[in-house]
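**Student:** I would like the atomic coordinates for the input below:
(2 chains)
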Amino acid sequence: NAGVTQTPKFQVLKTGQSMTLQCAQDMNHEYMSWYRQDPGMGLRLIHYSVGAGITDQGEVPNGYNVSRSTTEDFPLRLLSAAPSQTSVYFCASSTSGNTIYFGEGSWLTVV
Amino acid sequence: KNEVEQSPQNLTAQEGEFITINCSYSVGISALHWLQQHPGGGIVSLFMLSSGKKKHGRLIATINIQEKHSSLHITASHPRDSAVYICAVPNYGGSQGNLIFGKGTKLSVKP
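**Tutor:** Okay, the predicted model is just below:
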């Protein structure tokens, strides 16, 4: 098993550009989530999914879009990047009542 | 929304010391997660617990559901334990895909 695979690891964007952070898991987990981590703020939920075709907003969803067309994949789209979206992004997956697995993180800088 | 408070924010210990990190939350939960984040960013799950106590090597996690409080203990601390320790709980009415995180406790163990 590869676990949770998250790409890219590092990315620099210009303000206004769009991009997609990819997240894939091979453990047949129903729950998948995207979090951002900022200094002094801890991890905050952007969007999450409880199964294919089902997504919901978290605490800080503005400026981000997600879809869950398959159980394995949960991409995060930045529609028009802003400097406030400079952060470290983590994808996570799990099944109910079990261990959470995190991707290695994606360091995004918006200039 | 569930609120999560961790203490202390920073902790410096000498090798061999017994370490305690605390986590309190505001709304009743089904399970609490303890996570470890090493310098370099990767996040791994240490424990998921819904009652009582769990032990893994030198790490012990306890939870008191009635008091809405959990502790993470490290016995015979070692420099390799230096990391940020994070507790997480489901958001109010939320699933395991929708977590609220404490801001973390940064532990530094000196040889």
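
**Student:** Name the residues of chain B found near chain A, please.
**Tutor:** Contact residues, chain B versus chain A (C-beta under 8 Å from any C-beta of the partner chain): B:30-31, B:33, B:35, B:41-45, B:48, B:86, B:88, B:91, B:95-104. (Glycine included, C-beta is placed from N, CA and C.)

**Student:** count of neighbours near residue 50?
**Tutor:** You didn't pick a chain, so chain A it is. As a burial measure, residue A:50 scores 19 neighbours (other C-beta atoms under 10 Å in any protein chain shown).

**Student:** hm, I was asking about chain B
**Tutor:** By the measure other C-beta under 10 Å, the count of residues near residue B:50 is 12.

**Student:** Parallel or antiparallel, list what pairs with the one helix or strand in chain B whose mean pLDDT sits lowest.
**Tutor:** Ranked by mean pLDDT, DSSP states H and E, the weakest helix or strand in chain B is strand B:99-101, scoring a mean of 91. Applying DSSP bridges, strand B:99-101 is found paired with strand B:83-90 (antiparallel).

**Student:** Flag every buried residue along the partner strand.
**Tutor:** For strand B:83-90, a neighbour-count test (16 or more other C-beta atoms under 10 Å in any protein chain shown) marks B:83, B:84, B:85, B:86, B:87, B:88, B:89, B:90 as buried.

**Student:** now stretch B:33-50
**Tutor:** Buried residues in stretch B:33-50 (16+ other C-beta under 10 Å): B:33, B:34, B:35, B:36, B:37, B:41, B:43, B:45, B:46, B:47, B:48, B:49.

**Student:** where's the second one, which helix or strand?
**Tutor:** Residue B:34 is part of strand B:32-37 when elements are defined by DSSP states H and E.

**Student:** residues in chain A within reach of chain B, list them.
**Tutor:** By C-beta under 8 Å from any C-beta, the residues of chain A that approach chain B are A:31-33, A:35, A:40-45, A:48-50, A:56, A:58, A:88, A:90, A:94-102, A:104-105, A:107.

**Student:** Nearest to chain A: which residue in chain B?
**Tutor:** Relative to chain A, the nearest point of chain B is residue B:97 (3.6 Å; C-beta to the nearest C-beta).

**Student:** Mind pulling up the pLDDT for the closest residue to that residue other than its chain neighbours?
**Tutor:** Nearest residue to residue B:97 in three dimensions, chain neighbours excluded: residue A:31, at 3.6 Å (C-beta to C-beta, 6 or more residues apart in numbering or on different chains). At residue A:31, the model reports a pLDDT of 94.

**Student:** Repeat that for the one 4 residues further on.
**Tutor:** Residue A:35 is assigned a predicted lDDT (pLDDT) of 97.

**Student:** go on, residue A:97?
**Tutor:** For residue A:97, the pLDDT comes out at 77.

**Student:** and it, which of the three is it?
**Tutor:** Three-state assignment for residue A:97 (DSSP: H, G, I helix; E, B strand; the rest coil): coil.
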